[in-house]
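> Using only what follows, build the 3D model:
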Amino acid sequence: MRTFERKSRLLTITLLGSVLTVLVTQAAVAAPPSKAGPPASARTASPSDAPDFGPNVKIFDPSMSSSDIQSQLDSISNQQQGNEFGGDRYAVMFKPGTYNNDVNVGYYTQALGLGLNPDDVTINGGVHVQDQNGGALVNFWRGAENFAVNPSGGTDTWAVSQSSPMRRVDIHGDLQLSDSGYSSGGFLADSNVTGQVRSGSQQQWLSRNTSWGSWDGSNWNMVFVGAQNAPAQSFPNPPDTTVDQTPVVREKPFLYVDGSGNYQVFAPSVRTNTAGTTWGSGTAPGKSLPISQFYIAKPADTADTINSALASGKNLLFTPGVYHLSSEIHVTRPDTVVLGLGLATLTPDNGNAAMKVDDVNGVEIAGLLLDAGQTNSPVLLEVGPSGSGADHSGDPTTLSDVFFRVGGAGVGKVSQAAVINSNNVITDDTWIWRADHGDGVGWNDNTADNGLVVNGDNVTAYGLAVEHFQQYQVIWNGNDGRTYFFQNEMPYDVPDQGTWRGGGNGYAAYKVADTVTNHQAWGLGSYCYFSTNPSVVADRAFEVPNTPGVSLHGLVTVSLGGTGTITNIINDTGGSVNSGNTVADLSNYP
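I've put the predicted structure just below:
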């Protein structure tokens, strides 16, 4: 969503406040046994060594003084608060224990607990994000994971927009999802809040596998999947879309320190038909991988070096930084784990892809930002080569917190940002963004046709946001696809109607191919803000075949500030949005 224009988009929201203080007793849980890894290679630590994560990973221990920890936290926060398109990346990590600190999370910063369970790390104070410049509309690219928080005053604030997930947290008190200004979307998963969650000014939000005391608030598109104590299904009044169980998901892998001080990565198991957290009744099912099984990459590493480590059987851990790649990273081995810290960023320099994955079982890719380079790439991430057809239902590939950017930090060009050819892939929190502000931004500058193309069957997407691409935002060609929460803004900078679909009326945001016979989606929003030329019209936001196996639920369109027109919500059905009517909704199609 845009920066300065969003302020006119919401109805006035009255934010409720309450105070709830809950004390927590830390629970130490022993790590499950794990097998020894392969022989260590360059920059690979053995389980008993402290890994070298580089200078931008700060590891805190409860024996350190709170003032020393706070000084380091404040230094990073002060540097990163306004660093929207800068190159610095950080991870601040807390070993098991109790801390009395205030963690203000800025751009490209991850706050991570290093316990096997969230309550192994307790932070008395807060882990929070506040408004900047009067709102949270551009509070992107940050995250918080895997700890308990006893918030000062009883309420923790996480005022964010896209690509700012909160995972595996146990908030002992209330959680406020906005500050005093406007906010635009977010993602909460595998988390518990003992008090109330207040959405405030959030335009849209996905909560997946969560639990809380109560929920308050809604605007355009609030989606709950496997969320215990969620609001009842009520779209559009209020616009809450509720799915009782999460059909299939694998939680994001995470780094932890076991009871002997050894670093490991925990890879959770695939779960089906679930509600609530993985850890509420004890340690989640999954496997522990010693750090010796990982190649710890640094920003100076080349694609050849990284691919050599992959070929030797290593998993990958990207330390914080920007990685310039002259050729693609190629994942060939089943069950490879690729984990980024601190929004590690992959930028292709020669028109190459950033990463390609073979059509194999169980690859886990998590915590990365793929940023298009100046030379056009056909694709940034390809999962499975064209024509992939293997069945991966028993061990699907997962993409968790994998984000894409075209422009903003400089000129970027790509034809299709993400292409999924393999079957059974799960995406979990994805923001695919053609920049509408920053550097290298303009219709002929940061060129990009499509955000996501799905060719595989049985692909499931949770928390899918795709914005500003110049043709279809999403093209779904595979059968038996499912989407739980979709958020989109059409391209703001269409110069004229003739440029956009050759004299026709625009491209839909979400296109399901005419050959598809089965597709389901819940909680979908598409917005227009045709600021370059407000006379531009899109015939529809969603375009699907009229067949019994295709159905969509909880759809909303918005003309932001009445700037531009979407004639129908889906196909030729649903109300128009324009300068005279800015919001339209449809409960079900057909």
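> In which helix or strand does residue 73 reside?
helix 66-80 (DSSP states H and E).
> Run through the neighbouring helices and strands of that helix.
Using 3 or more Cβ pairs under 8 Å, 6 or more residues apart in numbering; DSSP states H and E as the contact test, the elements touching helix 66-80 are strand 57-60, strand 90-94, strand 97-104, strand 109-113. In short, each C-beta sits where N, CA and C put it, glycine included.
> any idea of the mean pLDDT in that helix?
Averaged over helix 66-80, pLDDT sits at 98.
> which residues are contacting it?
Helix 66-80 has contacts (Cβ atoms under 8 Å, 6 or more residues apart in numbering) with 58, 60, 86, 88, 90, 92, 99-109.
> run the last query once more with 10 Å
The set of residues external to helix 66-80 that reach it, using Cβ atoms under 10 Å, 6 or more residues apart in numbering, is 56, 58, 60-62, 64-65, 86, 88-92, 94, 99-109, 111, 124-125, 141-142.
> residue ranges with poor pLDDT in the protein?
Filtered on pLDDT under 70, the chain yields the residue ranges 1-49, 502-503.
> Report the central residue of it.
The structure's the chain has its C-alpha centroid closest to residue 429; by Cα atoms, centre = their mean the separation is 3.2 Å.
> Pull up the pairing partners for the helix or strand hosting that one, direction included.
Residue 429 is part of strand 426-434, with elements assigned from DSSP H and E. The sheet places strand 426-434 alongside strand 398-406 (parallel), strand 460-467 (parallel), with pairing taken from DSSP bridges.
> Now distance to residue 458 and mean neighbour count too, for the helices and strands packed on helix 66-80, in TSV please.
Written out in TSV, the entries for those read as follows (distance: least, Cβ to Cβ, whole Å; neighbours: other Cβ atoms under 10 Å):
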stretch	distance to residue 458	mean neighbour count
strand 57-60	37	19
strand 90-94	34	26
strand 97-104	39	20
strand 109-113	31	27
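> Distance to residue 440 for those strands - can I get that in CSV?
Formatted as CSV, those follow (distance: least, Cβ to Cβ, whole Å):
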stretch, distance to residue 440
strand 57-60, 29
strand 90-94, 24
strand 97-104, 29
strand 109-113, 24
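> So which of those strands is nearest residue 162?
Closest to residue 162 of the helices and strands packed on helix 66-80 is strand 109-113 (Cβ to Cβ; 15.6 Å).
> Within its sheet, name the partner strands of that closest one and how each one runs.
strand 90-94 (parallel), strand 142-151 (parallel).
> Please produce CSV containing those, extended by distance to residue 491.
Shown next, in CSV, are the strands paired with strand 109-113 (distance: least, Cβ to Cβ, whole Å):
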stretch, distance to residue 491
strand 90-94, 32
strand 142-151, 26
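> Can you say which of those is nearest to residue 196?
Among those, the nearest to residue 196 by Cβ to Cβ is strand 142-151 (12.3 Å).
> how about the CA coordinates for that closest one, as PDB?
What follows is the C-alpha trace of strand 142-151 in PDB, where atoms were taken according to Å, rounded to 0.1, in the frame of the first residue of the first chain:
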ATOM      1  CA  ARG A 142      10.800  -7.100  10.600                       C
ATOM      2  CA  GLY A 143       9.700  -9.900  12.900                       C
ATOM      3  CA  ALA A 144       9.400 -11.400  16.400                       C
ATOM      4  CA  GLU A 145       9.500 -15.000  17.300                       C
ATOM      5  CA  ASN A 146       9.700 -17.600  20.000                       C
ATOM      6  CA  PHE A 147       9.400 -15.900  23.500                       C
ATOM      7  CA  ALA A 148       7.000 -14.900  26.200                       C
ATOM      8  CA  VAL A 149       6.400 -11.300  26.900                       C
ATOM      9  CA  ASN A 150       5.100  -9.700  30.100                       C
ATOM     10  CA  PRO A 151       4.300  -6.200  28.700                       C
END
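> And it, what's buried?
Buried positions in strand 142-151, judged by neighbour count with 16 or more other Cβ atoms under 10 Å: 142-151.
> Just after it, pick out the following helix or strand.
Where DSSP H and E defines the elements, the next helix or strand beyond strand 142-151 is strand 155-157.
> list the helices and strands that next one packs on?
With contacts taken as 3 or more Cβ pairs under 10 Å, 6 or more residues apart in numbering; DSSP states H and E, strand 155-157 sits against strand 121-128, strand 142-151, strand 166-171, strand 174-176, strand 187-198.
> in this protein, which spans are helices?
Counting by DSSP state H, residue ranges of the helices within the chain are 66-80, 303-311.
> Minimum distance to residue 277: which of those helices has it?
Comparing those against residue 277 with Cβ to Cβ, the closest turns out to be helix 66-80 (26.5 Å).
> does residue 423 really touch residue 384, like I thought?
Yes: with the criterion set as Cβ atoms under 10 Å, residue 423 and residue 384 qualify as a contacting pair; they are 8.0 Å apart.
> which residues do the two both contact?
Counting by Cβ under 10 Å, 6+ apart, the residues touching both residue 423 and residue 384 are 359, 390, 392, 397, 455-456.
> now, among the buried residues of strand 142-151, which is nearest to residue 409?
Closest to residue 409 out of these is residue 142 (15.7 Å), distances taken as Cβ to Cβ.
> List the backbone torsions phi and psi for residue 352.
phi -90, psi 170 (degrees, to the nearest 10).
> State the number of residues packed around it.
Here the number of neighbours of residue 352 (other Cβ atoms under 10 Å) works out to 20.
> ok, now residue 285?
Other residues near residue 285 number 11, with proximity taken as other Cβ under 10 Å.
> Need the nearest residue in space to it, chain neighbours excluded.
Here the nearest residue to residue 285 in space, its sequence neighbours aside, is residue 269; by Cβ to Cβ, 6 or more residues apart in numbering that works out to 4.3 Å.
> I'd assumed residue 220 was in contact with residue 203.
Yes: judged on Cβ under 10 Å, residue 203 makes contact with residue 220 at a distance of 5.2 Å.
> quick one, which of the two is more surrounded?
In this view residue 203 and residue 220 are compared by other Cβ under 10 Å, and residue 203 has more residues nearby, 28 against 24.
> With residue 283 as the reference, measure out to the more buried one.
Distance of residue 203 to residue 283, computed by Cβ to Cβ, to the nearest Å: 36 Å.
> How about residue 204?
33 Å.
> Just want to know which of these two has more residues nearby.
Neighbours were tallied for residue 204 and for residue 283 using other Cβ under 10 Å; the higher tally belongs to residue 204 (28 against 15).
> Thought residue 217 was touching that one, still the case?
No: counting by Cβ under 10 Å, residue 217 is not a contact partner of residue 204; they are 11.7 Å apart.
> if we can go back for a sec, list just the one of the helices and strands packed on helix 66-80 that sits closest to residue 552.
Go through these one by one with Cβ to Cβ and the one that ends up closest to residue 552 is strand 109-113, at 33.9 Å.
> how distant is the closest one from the center of its chain?
Once both centres are worked out by Cα atoms, centre = their mean, to the nearest Å, strand 109-113 turns out to sit 15 Å from its chain's centre.
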